[in-house]
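Peer 1: Next input, structure requested:
(chains A, B, C and D)
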Protein chains: 2
Amino acid sequence: MRCEGILYKELGEIGLKQEDFKTIIKGYKKIKIKKGDYLIKSGSIVKGYYILISGFLRSFVLDFDGNEVTTNFMVKNDLILEENSFFMQMPTKENIIAVEDCVLWMKDLDTFNNHFRLYEAYREWGRSHLVRNLFALKERTFSMITDKASERYLALLSSRPEIFQKASLKHIASFLGITDSSLSRIRKEI
Amino acid sequence: MRCEGILYKELGEIGLKQEDFKTIIKGYKKIKIKKGDYLIKSGSIVKGYYILISGFLRSFVLDFDGNEVTTNFMVKNDLILEENSFFMQMPTKENIIAVEDCVLWMKDLDTFNNHFRLYEAYREWGRSHLVRNLFALKERTFSMITDKASERYLALLSSRPEIFQKASLKHIASFLGITDSSLSRIRKEI
DNA sequence: AACTATTCTTGCCTAATGACAAGATTTCTC
DNA sequence: GAGAAATCTTGTCATTAGGCAAGAATAGTT
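Peer 2: Residues are numbered from 1 along each chain as shown, chains lettered A, B, ... in the order given. Predicted coordinates:
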C-alpha cells in the first residue's frame, strides 16, 4: 500500500529482522483528521506519537496574554512527538492543529514501550529521533540569540521552503519570534 | 563514600535490583578537572556523559563572529550530556568549561549502551532525562520569544539562584540572550 | 456575485536592545 | 600590595522590532 512507504522509509533501514519489522508496523494505526481539527489539544494527555503521511500541521502554545506562538510546522514524513506528555503522561501545553487534511500513522505508548523493550534497533531509531529534535531545537534557540529576524527568515526560507507554500505569514512570523508586521517589512526589504 | 550519594540519589530510586544497581554504578569512573579546563571541546567527539559531583560548569558555542554564547550552566547533581555528539559520535559544536574545580562521574558510550540494553529501569531513567532536557529547552526558546529580557532575568534569578553566585554577569547576559551592558541596565532598574 | 472574515501591508510613533567607548570596580598574579 | 587583566557600569547614539490602526488584498461562504 502506498501509505506504508513512509514506514518502510522510516523503519525499513534500521536493521530489523523481517518479522520484527512486521510486528512494529502492525503497531501503527492509520488515522485521518480534517483541516482545522486538533491532533493534540493543550491540557490533554498525548496518547500517541505520529508519523505524518500527508497533509500539514502546525503546533503552537499560548502565551500569557492568550496569543498563539507557533512552535513548529510538520510536513510529510515528519515524526510528531510531544515527548513530555507522551512519555510522562502529563497534560501537554502544546496544541497541534491540521492546516490541511492529514493522514497519519499513530502508535500508542503501551505498544511503543513493548516494541521498545523488544527491539534494540527500534530503540536506536527512537533515540536518534529524540536527539535530532533536541539538536534542531538547540539550533533554533541559538539562532534566536545570535541572528536578527531577517537572517532567521532567510535561513528558514532556504532550509524549509515547503512551509512557505502552506503556512500563513502570520504563523511563520510567530515561529520566527516576530510580529506579522515586522515580517512584512522584512520581506519588503528583500 | 560520600560522592556516591549522588549516584544513589539519581539511580537508587528507579526500581533496579540491588545487583543491577551495583553493575550500573560500577560503570562510572570518577574524574576531576581544574578550573578553566575544558570538559568538552568543540570539534571533538564526546566520549562520555557525566554527573557533576561538585563544582560548576558552563557550556557555550561560538557564533559567526567568534563570540561565546553561553548555552547553559551546570551545578551539583546535574546530568551533563551532549546528546548529539555522544549518541551519534559526531564532532560537537559545544564547549563545556569548568568555572570551578569539578569532580564528576563519567560513563562511556559502550558501557552506557550495554547497561541500556540490559536494564529497563535504566532506560527509563535515561529517557526521562532526555525528555526533561528537551522540555527545559522548549521553555527557554518560548521565553526568548514571549518575554522581554528583564522578565527572563527575573525568572532565572528565582528559578536558578545558584547560578548568580558562581557565574559572571557577562556569561549570564549571554545566556539570557542580551549584552552585558543591557543586563547591567536591567539590574539597575530593579 | 456579494458579503464577510482573514491576511497582509504600510505609516507613525515608541520601546527595547545593541554597538562602542570610557571609567570604575573587582579579581588575579607575581 | 602593585600592576595587569577582567568585569561591570554608564553614556551617547543607532538599529531593530513592537503597538496600534487603517487600508489593500485575498480567501471563504452562502
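Peer 1: how many degrees apart are the longest helix seen in chain A and helix B:120-146 in direction?
Peer 2: In chain A, taking DSSP state H as the definition, the longest helix is helix A:120-146. For helix A:120-146 against helix B:120-146, the angle by axes from the mean of the first three to the mean of the last three CA atoms, to 10 degrees is 20 degrees.
Peer 1: which other helices and strands contact helix A:120-146?
Peer 2: Under the contact definition 3 or more CB pairs under 8 Å, 6 or more residues apart in numbering or on different chains; DSSP states H and E, helix A:120-146 sits against helix A:4-11, helix A:18-26, helix A:109-118, helix A:149-159, strand B:68-74, helix B:83-88, helix B:120-146. Using the backbone N, CA and C atoms, a C-beta is placed for each residue, glycine as well.
Peer 1: near DNA strand C, which residues of chain A?
Peer 2: Within chain A, the positions near DNA strand C by CB under 7 Å from any atom of the strand are A:168-171, A:180-181, A:183-185, A:187-188.
Peer 1: pLDDT of the longest helix of chain A, averaged?
Peer 2: Average pLDDT, helix A:120-146: 91.
Peer 1: Return the set of buried residues in that helix.
Peer 2: Going by neighbour count (16 or more other CB atoms under 10 Å in any protein chain shown), the buried part of helix A:120-146 is A:120-123, A:125-127, A:130-131, A:133-135, A:137-138, A:140-146.
Peer 1: list the helices and strands the least confident helix or strand in chain A by mean pLDDT packs on?
Peer 2: Ranked by mean pLDDT, DSSP states H and E, the weakest helix or strand in chain A is helix A:4-11, scoring a mean of 78. Using 3+ CB pairs under 8 Å, 6+ apart, the elements in contact with helix A:4-11 are helix A:18-26, strand A:48-54, helix A:120-146.
Peer 1: Which residues in that helix does the neighbour count mark as buried?
Peer 2: Buried positions in helix A:4-11, judged by neighbour count with 16+ other CB under 10 Å: A:6-7, A:11.
Peer 1: before we move on, what about stretch A:173-183?
Peer 2: Within stretch A:173-183, the residues scored as buried using 16+ other CB under 10 Å are A:173-178, A:183.
Peer 1: tell me which parts of chain A are close to chain B?
Peer 2: Within reach of chain B by CB under 8 Å from any CB of the partner chain, chain A has these residues: A:61, A:63-64, A:69, A:71, A:83-84, A:87-88, A:116-117, A:120, A:123, A:127-128, A:130-131, A:133-135, A:137-138, A:140-142, A:144-146, A:174, A:177.
Peer 1: Please give me every residue in contact with the spatially most central residue of chain A.
Peer 2: In chain A, the residue lying closest to the centroid (CA atoms, centre = their mean) is residue A:80, at 3.9 Å. Going by CB atoms under 8 Å, 6 or more residues apart in numbering or on different chains, residue A:80 touches A:39, A:49-52, A:57, A:74, A:96, A:104.
Peer 1: again, only using 7 Å
Peer 2: A:49-50, A:52, A:57, A:74, A:96 (CB atoms under 7 Å, 6 or more residues apart in numbering or on different chains).
Peer 1: which residues touch the least confident helix or strand of chain A?
Peer 2: Helix A:4-11 is contacted from outside by A:21, A:24-25, A:28, A:51, A:53, A:77, A:105, A:125, using CB under 7 Å, 6+ apart.
Peer 1: The buried residues of helix A:120-146 also near DNA strand D: which ones?
Peer 2: Within the buried residues of helix A:120-146, nothing lies near DNA strand D by CB under 7 Å from any atom of the strand.
Peer 1: Can you name the residues that contact the closest residue to residue A:87 other than its chain neighbours?
Peer 2: Closest residue to residue A:87 in three dimensions, ignoring its sequence neighbours and counting by CB to CB, 6 or more residues apart in numbering or on different chains: residue B:131, at 5.1 Å. The neighbours of residue B:131, taking CB under 7 Å, 6+ apart as the test, are A:83-84, A:87-88.
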